[in-house]
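Student: quick one, what's the 3D model for this:
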Amino acid sequence: MADQTSNHGAINETASPQKSGSLASNDPEHGEKVVEADDFPEGGARAWAVASAAGGILFCTMGYINTFGLYQEYYESHQLHDQSPSTISWIGSLQSFFLFGGALVGGPLFDRYGAKVSCNIFIL
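Tutor: Numbers count the residues shown, from 1 in each chain. Reported below is the predicted structural model:
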């Protein structure tokens, strides 16, 4: 059970044995450990690689969605010249929906089971 105090953003928790390498310190007066809100573990190179990869994926995803106007112009002049622009725009709208809607399913699966199980499900 944790409660916040006005001790410069510190969070008090009930006393428990500290793990080695923990950023918490014991408060001998109250029998509680104090965890500073500004303390966090550094992930190192792997954390920066994950952040960079996520940024690259976001860059490619948003770039693809933003270029659909070019695809729509091509469809209007070549393959779907007999269709109205509003009908053709449904293609891009549905693509965007499925692209972002997949996160509604994939996000919780990834959080619960991890990357290996989530990737296997999406391959099926």
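Student: report all helices and strands that the longest helix belonging to the chain contacts.
Tutor: Criterion DSSP state H: the longest helix present in the chain is helix 85-113. Packed against helix 85-113, as judged by 3 or more CB pairs under 8 Å, 6 or more residues apart in numbering; DSSP states H and E, are the following elements: helix 44-66, helix 68-77, helix 115-123. For every residue, glycine as well, the C-beta is placed using N, CA and C.
Student: what angle sits between the longest one and helix 68-77?
Tutor: Here the directions of helix 44-66 and helix 68-77 differ by 30 degrees (axes from the mean of the first three to the mean of the last three CA atoms, to 10 degrees).
Student: can I get the CA coordinates of helix 44-66 in PDB?
Tutor: Only the C-alpha atoms of helix 44-66 are listed here, as PDB (Å, rounded to 0.1, in the frame of the first residue of the first chain):
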ATOM      1  CA  GLY A  44      21.500   1.500 -21.300                       C
ATOM      2  CA  ALA A  45      22.100   0.800 -24.900                       C
ATOM      3  CA  ARG A  46      19.200  -1.700 -25.200                       C
ATOM      4  CA  ALA A  47      16.700   0.900 -24.000                       C
ATOM      5  CA  TRP A  48      18.000   3.500 -26.500                       C
ATOM      6  CA  ALA A  49      17.900   0.900 -29.300                       C
ATOM      7  CA  VAL A  50      14.200   0.100 -28.400                       C
ATOM      8  CA  ALA A  51      13.400   3.900 -28.400                       C
ATOM      9  CA  SER A  52      15.200   4.400 -31.700                       C
ATOM     10  CA  ALA A  53      13.400   1.400 -33.300                       C
ATOM     11  CA  ALA A  54      10.000   2.600 -32.100                       C
ATOM     12  CA  GLY A  55      10.800   6.100 -33.500                       C
ATOM     13  CA  GLY A  56      11.700   4.500 -36.900                       C
ATOM     14  CA  ILE A  57       8.500   2.500 -37.000                       C
ATOM     15  CA  LEU A  58       6.400   5.500 -36.100                       C
ATOM     16  CA  PHE A  59       8.200   7.500 -38.800                       C
ATOM     17  CA  CYS A  60       7.500   4.900 -41.500                       C
ATOM     18  CA  THR A  61       3.900   4.400 -40.400                       C
ATOM     19  CA  MET A  62       3.000   8.000 -40.300                       C
ATOM     20  CA  GLY A  63       4.800   8.600 -43.600                       C
ATOM     21  CA  TYR A  64       2.800   5.900 -45.300                       C
ATOM     22  CA  ILE A  65      -0.500   7.300 -44.000                       C
ATOM     23  CA  ASN A  66       0.400  10.800 -45.000                       C
END
